[in-house]
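Asks: Mind looking at a prediction? Sequence and model below.
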Amino acid sequence: MCGIIGINSNKSVSASIINSLKKLEYRGYDSAGIATLHAGSINEVKSEGRVDNLEKNSVVQNMVGTIGIGHVRWATHGLPNSINAHPHSSQNVSVVHNGIIENSTLLKKFLVSKGHKFKSQTDTEVIVHLITENLKTENIINSITKTLKSLHGSFALGIIFKDQPDLIIGARRGSPLAVGYGPNENYLGSDSYALKSMTNKITYLSDGEFCVIKKDHVEFFNEDGIKINKKVLELSSEEEKHDKGDYKHFMAKEIEEQPTTLKNGIKEYVDASNNDINIFNFPWKTNEISSITLIGCGTAYHSCMMAKYWFEELTTLNVNVDIASEFRYRKNRFKKDTLYVFVSQSGETADTYAALSLCKSKEMKTCSVVNVIESSIARDSEFVMPIHCGTEIGVASTKAFLGQILILYILALKLGLLRKDLKRELFNKKLKDLKELPDLVQQTLSIDNKIQTISKTFNDAKGSMFLGRGFSYPIALEGALKLKELSYIHAEGYPAGEMKHGPLALIEEGMPVVVLAPRDDYYKKTISNMQEVIARGAKVLLITNKSKDEIISENIWETIEVETTGADLLPFLLTVPLQKLAYYSALKKGYDIDKPRNLAKSVTVE
Ligand code: F6R
């Protein structure tokens, strides 16, 4: 979370910094700031809210300086106001920071005892004063080395100095950071995406490293301050265009793009002419893997849960699913014959990345399913399966979710076939269904009118529940997550069979409950559970698939029927109305759909 940009150039940098900050807003949008160095003094401007607010500030519009740093913030320590916004500066030093300094309270005590005065409530300000303190006795490189060693926690830093007209320092531990190379200027950015409009030549810092960025060259150092060499990577120079087209919001556009997401994924992996799946360069033989552990956060975790059902259905592998923030601190039993799969849209989620690093340190087999292929998780995994859904701008994940579950389904199918857990005829049938899926999703997308009316009831309610069994249970969780993050309505996803073990007590007259009951093996059981909530006054929205058989229940408030396909592919179709329900609820409430409150697109703090 939070975004960093730094530019050291021959020309004025403030406009380019503001432009890059706009691109970085997906990382945090509660405040923003910029500092430039001009004529031996650091000028700093900060504002609450979006980068637009910062840009409108007349001081920023007239800001001079050929070297500068900027930041968009997602608050961790201290309120999201202009005082706590970054950069934080002393007389000599200005710092932007992503991450969390865990020993900031202790360090602050020490620094206050040395006479340093603090202005903000942030953990970042200790870094400013610590460097300032160390500069009293050390040169720049030694003061940075010493400061970084004193910090506990995670950070990506951009630092400028009052008396250094040609120098930006970047440092990384835990939070990603990249250096970019331009003509007569060089850059620092919290990811290559921020730098892409300026350069496609990038070096990624590894944990513990820092760099000195001058206008005409960049030097890299390890944690002991010893110079090291790093590779310059050349990324694709194509810049994706991001506009909403005729849509009101990126989320609406991204929901509609899902058939294309699926087509792209199928094109990448399915060999239509040979009725096969190609996963080129998969580094392991099937007999080397007897279990699979899937790890992610939020929506990506729901993708992992979805995949558990498929791996159990299509293979005889043992399957575990874990939330990354739990996995990384548990006493896991690491096993050589386990494939660890990390699922992430951004590829930068701190907890997922830490879980990957942990598995790597134990020399486990690591595979990632990611959207951003230049990301830290993609770079550090042994094997990567890209989602290919294009940039997802809306903070709430939609097309990336369908992209993730598609890739995981394809992996399960292929491993099932290779391990001979899945018969060829059945494999062929499933492949045929898969090829038809994008069109079915396309047809399911045209349910807007009905959903718009339904969403009003959800908006008027105190809370809601999303129920499902089997393949539909992870989708119920995802539907509830979408509704809460966009409409700020309390929503709980639950296995339908669990209601009577407690949550049934929540049901009261008029409470909206979404029941996912496609015509699969769980249908009758789920319908019985649905009756139990209807009997207690719930207003049930039943989501099922089209069928010649009548629905075997009465007193259902509303029904939505999605298209029909094989039971294991129905989750793709069931997801669409839930995404739209969340979208229209938030739209009716007038909320900021692409940037819900308190959230950020890339969660780079733990
Ligand atoms: C919810 C959402 C989040 C992310 C989670 C993981 O709509 O988008 O729950 O899924 O923060 O992010 P990635 O996939 O980037 O690791």
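Replies: Arrived safely, thanks for sending. Numbers count the residues shown, from 1 in each chain.

Asks: Now do the spatially closest residue to Leu235 that is not a sequence neighbour against the ligand, distance only.
Replies: Excluding its sequence neighbours, the residue lying closest to Leu235 (Cβ to Cβ, 6 or more residues apart in numbering) is Asn200, at 4.6 Å. (C-beta placed from N, C-alpha, C; glycine too.) For Asn200, the distance to the ligand (Cβ to the nearest ligand atom, to the nearest Å) stands at 23 Å.

Asks: doesn't Val232 make contact with Asn200?
Replies: No: using Cβ atoms under 8 Å as the test, Asn200 is too far from Val232 to be in contact (10.3 Å).

Asks: Looking at the two, which is more packed in?
Replies: Asn200 (17 against 11; other Cβ atoms under 10 Å).

Asks: Phi and psi next, for the more buried one.
Replies: The phi and psi values for Asn200, taken as degrees, to the nearest 10, are phi -120, psi 10.

Asks: For burial, what's the neighbour tally of Pro80?
Replies: 16.

Asks: Go ahead and confirm it touches His86.
Replies: No: between Pro80 and His86 there is no contact under Cβ under 8 Å: 11.4 Å.

Asks: quick one: common contacting residues for these two?
Replies: Arg73 (Cβ atoms under 8 Å, 6 or more residues apart in numbering).

Asks: Pass me the low-pLDDT residue ranges in this protein, would you?
Replies: Scanning the chain for pLDDT under 70 picks out the ranges 1, 237-241.

Asks: Quickly list the domain ranges of it.
Replies: Using automatic domain parsing, the domain ranges for the chain come out as 3-234, 253-444, 448-589.

Asks: Format those as JSON lines; extra columns: distance to Thr604.
Replies: Shown next, in JSON lines, are the domains of the chain (distance: least, Cβ to Cβ, whole Å):
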{"stretch": "domain 3-234", "distance to Thr604": "5"}
{"stretch": "domain 253-444", "distance to Thr604": "5"}
{"stretch": "domain 448-589", "distance to Thr604": "18"}
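
Asks: which bits of the chain sit near the ligand?
Replies: Contact residues (Cβ under 6 Å from any ligand atom) of the chain with the ligand: 297-300, 344-346, 349, 352, 396-397, 481, 485, 603.

Asks: out of these, which one sits closest to the ligand?
Replies: Gly298 (1.9 Å; Cβ to the nearest ligand atom).

Asks: where do the strands sit along the stretch 301-450 of the chain?
Replies: Applying DSSP state E, counting those that start in this stretch to the stretch 301-450 of the chain gives strands spanning 318-323, 338-344, 365-370, 383-386.

Asks: Just checking: what are the partner strands of the second one?
Replies: Based on DSSP bridges, the strands next to strand 338-344 in the sheet, each with its direction, are strand 291-296 (parallel), strand 365-370 (parallel).

Asks: out of those, which comes closest to Thr145?
Replies: With Cβ to Cβ as the criterion, Thr145 lies closest to strand 365-370 of those, at 30.9 Å.

Asks: returning to what we had before: pick the most buried one from the strands paired with strand 338-344.
Replies: Most buried of those, by mean neighbour count (mean count of other Cβ atoms under 10 Å): strand 365-370, with a mean of 26.

Asks: what comes into contact with that strand?
Replies: Taking Cβ under 8 Å, 6+ apart as the rule, strand 365-370 contacts 283-284, 288-289, 303, 336, 338-347, 356, 359-360, 377-378, 380-387, 404, 407-408, 411.

Asks: Pull out the buried members of those residues.
Replies: Buried subset of the contacts of strand 365-370 (neighbour count, 16 or more other Cβ atoms under 10 Å): 289, 303, 338-347, 356, 359, 377-378, 380-387, 404, 407-408, 411.

Asks: Just give the closest residue to Thr352, not the sequence neighbours.
Replies: Once flanking residues are discounted, Thr352 sits nearest to Ala324: 4.2 Å by Cβ to Cβ, 6+ apart.

Asks: burial count for that neighbour?
Replies: Per other Cβ under 10 Å, the neighbour tally for Ala324 reads 26.

Asks: contacting residues for it?
Replies: 295-297, 301, 342, 349, 351-352, 354-355.

Asks: what's the farthest-apart pair in the residues you listed?
Replies: That would be Tyr301 and Ala354, which, of those, are the farthest apart (Cβ to Cβ) at 14.6 Å.

Asks: which of those two has more neighbours?
Replies: Between Tyr301 and Ala354, Tyr301 has the larger neighbour count (other Cβ under 10 Å), namely 25 against 18.

Asks: I'd like the distance between that one and Asn57.
Replies: 40 Å (Cβ to Cβ, to the nearest Å).

Asks: what's next to the helix or strand harbouring Val45, contact-wise?
Replies: Val45 is part of strand 41-48 when elements are defined by DSSP states H and E. For strand 41-48, contacts defined as Cβ under 8 Å, 6+ apart pick out 30-37, 53-54, 57, 59-60, 63, 65, 80-83, 85-87, 89, 93-94, 160, 162.

Asks: Stretch 376-385 too?
Replies: 176, 204, 279, 281-283, 342, 344, 347-349, 352-353, 356-357, 360, 365-370, 372-373, 386, 407, 411.

Asks: before we move on, what about stretch 16-25?
Replies: Stretch 16-25 has contacts (Cβ under 8 Å, 6+ apart) with 3-5, 7, 9, 32, 34, 36, 50-51, 54-55, 60, 68-72, 189-191, 193-195, 197-198, 595.

Asks: Please indicate which of those are buried?
Replies: Buried among the contacts of stretch 16-25 (16+ other Cβ under 10 Å): 3-5, 7, 9, 32, 34, 36, 50-51, 54-55, 60, 68-72, 189-191, 193-195, 198, 595.

Asks: now, which of these lie within helices?
Replies: Taking DSSP state H, the ones among the buried ones among the contacts of stretch 16-25 that sit in helices are 51, 54-55, 60, 193-195.

Asks: of these, closest to the ligand?
Replies: Tyr193 (12.7 Å).

Asks: tell me the contacts of the closest one?
Replies: Counted by Cβ under 8 Å, 6+ apart, Tyr193 has contacts 23-24, 372, 374.
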